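Visitor: need a structure here:
(one chain, ligands or ions: 1)
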Amino acid sequence: MNAFELYNPTKLVFGAGKVKQLGELVKPYGKRVLLVYGGGSIKRSGLYDDVMFQLSEIGATVHELSGIEPNPRLTTVNKGIEICRKEKIEFVLAVGGGSVLDAAKAVAAGALYDGDVWDFTIRRATIQAALPIGTVLTLAATGSEMNGNAVISNWEAKEKRAIGSKLVYPKFSILDPKLTYTVPRDQTVNGIVDIMSHVFEQYFTLTTDIPLQERFAESILLTVIENGEKALEDGTDFDARANLLLAGTYALNGTLPNGVSTDWATHGIEHEVSAIYDIPHGAGLAILFPNWMKYVYKERVGKFAQFAVRVWGIDPSGKSEDELALAGIVATRAYFTRIGAPATLGELGINDDQIDRMAEEATRFGPIGSFKHLDIEDVKTILRNSL
Ligand SMILES: NC(=O)c1ccc[n+]([C@@H]2O[C@H](COP(=O)([O-])OP(=O)(O)OC[C@H]3O[C@@H](n4cnc5c(N)ncnc54)[C@H](O)[C@@H]3O)[C@@H](O)[C@H]2O)c1
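Guide: Next up, the predicted model:
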């Protein structure tokens, strides 16, 4: 096991009706609040009114940044930064899915930076300060509710890049499974794939003798596989939604990578696809991950065989490790297809036009991944195999 540090300051407030605690949770941080949200689903569901009521109860002055796009854009983040500076905002409250949370984090960091917030994504500057953030999550997927990451798209430059800092962990996140009842089927599917992909990035590692981390990861995968299908059958199944929501948080809150070298190559490639084609992150991952698996599994066949047996319940008798590994990859693709995720870039209207550019961008800082280091030619092959 590698040396590691675990840091997670986010207070998780989980359960039905927990939005009632919002006012008290915001109160210590100030009364000048920027409310960040997306395209209006929170208005239709009544959540907006509940949030505004809570903020009015503590006498907060609320300014709004609405219209956060899925794959949130730098231009929108900049609008939020401007409001923060002009209105002397003390607290940023994100209400929505991962895109809203990520945009709020970028706004919070950009507001206290005397330069272009994009600098944080291209390693020109590191975050030195940020406004405090709180979140009310409405979609199980990214883990952004309990981590220090945010992904922002520069639509003009067709680039999608991540920022990360201890300073942008939410101070608190409210997770009420009932708030996810209205998530449409396709977004539920994208969320399931995103959560599973976060686990894959940390599970497929060359680090050995890590039984606790492996079983953590396998239990998250099994929980998502079972409860994902239940939530798709009945979007108002409280327990299925609750289990999915908590799995999403644990998949990317710093629990799984303890002492383990993690990969993240597939996420890097997916970001290049959605930077150009603006596809949902989960859809891109559903297409790419089984192709990444097929390309790299020989680096450690035994781990993929274990995945097949423990996660997909494949009977190992009479099968070689290689056969088991491949059966696990086939089962992964079959599950994605069963829940309705795309299997090829072609299904999303993407052809080979931009493969060179996407591969160049994905490897702009050098080879990616740690399970197998992927250079530009490897990335091109995985993208071509995904057409
Ligand atoms: N910060 C991280 O650690 C991290 C990790 C993975 C991905 N990401 C990024 O997060 C973004 C994706 O976030 P996401 O998957 O949470 O989706 P999202 O926030 O983009 O939301 C997807 C859609 O679902 C709608 N929606 C959200 N909640 C709803 C509800 N309760 N009812 C009805 N509609 C609802 C939104 O309005 C939007 O149209 C991508 O940009 C991705 O790259 C971030």
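Visitor: near the ligand, which residues of the stretch 101-250 of the chain?
Guide: 102, 138-139, 141-144, 147, 149-151, 179-180, 182-183, 187, 190-191, 194 (C-beta under 6 Å from any ligand atom). All C-beta spots, glycine's among them, are computed from the backbone N, C-alpha and C.
Visitor: so what's the closest residue to residue 127 other than its chain neighbours up against?
Guide: Among residues not flanking residue 127 along the chain, residue 165 sits closest, at 3.9 Å (C-beta to C-beta, 6 or more residues apart in numbering). Residue 165 is in contact with 109, 120, 126-127, 130, 148, counting by C-beta atoms under 8 Å, 6 or more residues apart in numbering.
Visitor: which one of those residues is nearest the ligand?
Guide: residue 148 (8.4 Å; C-beta to the nearest ligand atom).
Visitor: ok, the closest one touching residue 133?
Guide: No: if you go by C-beta atoms under 8 Å, residue 148 and residue 133 don't touch, sitting 10.2 Å apart.
Visitor: just the strands in the stretch 151-300 of the chain please.
Guide: Under the criterion DSSP state E, counting those that start in this stretch, the stretch 151-300 of the chain contains strands at 159-164, 172-175.
Visitor: which of the ones you listed sits most buried?
Guide: Among the strands of the stretch 151-300 of the chain, strand 172-175 has the highest mean neighbour count (mean count of other C-beta atoms under 10 Å), at a mean of 24.
Visitor: and that strand, which strands flank it?
Guide: strand 11-14 (parallel), strand 133-137 (parallel) (DSSP bridges).
Visitor: find the nearest non-adjacent residue to the residue of the stretch 1-150 of the chain found nearest the ligand, please.
Guide: Nearest to the ligand, among the residues of the stretch 1-150 of the chain, is residue 97, at 2.4 Å (C-beta to the nearest ligand atom). Nearest non-adjacent residue to residue 97, counting by C-beta to C-beta, 6+ apart: residue 139, 3.6 Å away.
Visitor: would you turn the strands of the stretch 151-300 of the chain into CSV with mean pLDDT?
Guide: Converted to CSV, the strands of the stretch 151-300 of the chain look like this (pLDDT from 0 to 100):
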stretch, mean pLDDT
strand 159-164, 91
strand 172-175, 98
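Visitor: next, format the ones you listed as TSV and append distance to residue 221.
Guide: As requested, the strands of the stretch 151-300 of the chain are exported to TSV (distance: least, C-beta to C-beta, whole Å):
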stretch	distance to residue 221
strand 159-164	23
strand 172-175	20
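Visitor: thinking again about what came up before, shouldn't the residue nearest to residue 97 be in contact with residue 183?
Guide: Yes: counting by C-beta under 8 Å, residue 139 does reach residue 183; the two are 5.3 Å apart.
Visitor: which of these two has more residues huddled nearby?
Guide: More crowded of residue 139 and residue 183, by other C-beta atoms under 10 Å: residue 139, with 28 against 22.
Visitor: and that one, which helix or strand is it part of?
Guide: Assigned by DSSP states H and E, residue 139 belongs to neither a helix nor a strand.
Visitor: show me what contacts it?
Guide: The contact partners of residue 139, by C-beta under 8 Å, 6+ apart, come to 96-98, 180, 183, 187, 191.
Visitor: among the residues you listed, name the ones in helices.
Guide: Assigned to helices by DSSP state H, the following of these qualify: 98, 187, 191.
Visitor: which SS class is residue 379?
Guide: Using DSSP: H, G, I helix; E, B strand; the rest coil, the secondary structure recorded for residue 379 is helix.
Visitor: need the contact list for it.
Guide: For residue 379, the contacting residues are 265, 269, 358-359, 362-363, 368, by C-beta under 8 Å, 6+ apart.
Visitor: what helix or strand is the closest residue in space to it that isn't next to it in sequence on?
Guide: For residue 379, ignoring the flanking residues on the chain, the nearest one in space by C-beta to C-beta, 6+ apart is residue 359 at 4.0 Å. Residue 359 is part of helix 355-362 when elements are defined by DSSP H and E.
Visitor: pLDDT value on residue 212, please?
Guide: We have a pLDDT of 97 for residue 212.
Visitor: the ligand versus that one, what's the distance?
Guide: When distances are taken as C-beta to the nearest ligand atom, to the nearest Å, residue 212 and the ligand turn out to be 23 Å apart.
Visitor: tally of neighbours for that residue?
Guide: 10.
Visitor: need the contact list for the residue of the stretch 251-387 of the chain found nearest the ligand.
Guide: Nearest residue of the stretch 251-387 of the chain to the ligand: residue 281, at 3.9 Å (C-beta to the nearest ligand atom). By C-beta under 8 Å, 6+ apart, residue 281 lies in contact with 71, 142, 151, 190, 194, 270, 274.
Visitor: may I ask which of the residues you listed comes out lowest in pLDDT?
Guide: Within the set of the contacts of residue 281, pLDDT is lowest for residue 71 (88).
Visitor: name the SS class of that one, please.
Guide: Of the three states, residue 71 takes coil according to three-state DSSP.
Visitor: show me what the residue nearest to it when sequence neighbours are not counted is bridged to.
Guide: Among residues not flanking residue 71 along the chain, residue 153 sits closest, at 4.9 Å (C-beta to C-beta, 6+ apart). Beta bridges link residue 153 to residue 73, residue 160 when assigned by DSSP bridges.
Visitor: show the contacting residues for residue 153.
Guide: The neighbours of residue 153, taking C-beta under 8 Å, 6+ apart as the test, are 69, 71-74, 159-160, 274-275, 278.
Visitor: Throw the residues you listed into TSV and include distance to residue 290, thanks.
Guide: Output for the contacts of residue 153, formatted as TSV (distance: C-beta to C-beta, whole Å):
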residue	distance to residue 290
69	28
71	22
72	27
73	29
74	31
159	26
160	22
274	18
275	22
278	22
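Visitor: ok, of those, which come out buried?
Guide: Among the contacts of residue 153, those classed as buried by 16 or more other C-beta atoms under 10 Å are 69, 71-74, 159-160, 274-275.
Visitor: look up how far residue 36 lies from the residue nearest the centre of the chain.
Guide: Residue closest to the mean C-alpha point of the chain, counted by C-alpha atoms, centre = their mean, is residue 142 at 2.5 Å. According to C-beta to C-beta, to the nearest Å, residue 142 and residue 36 sit 15 Å apart.
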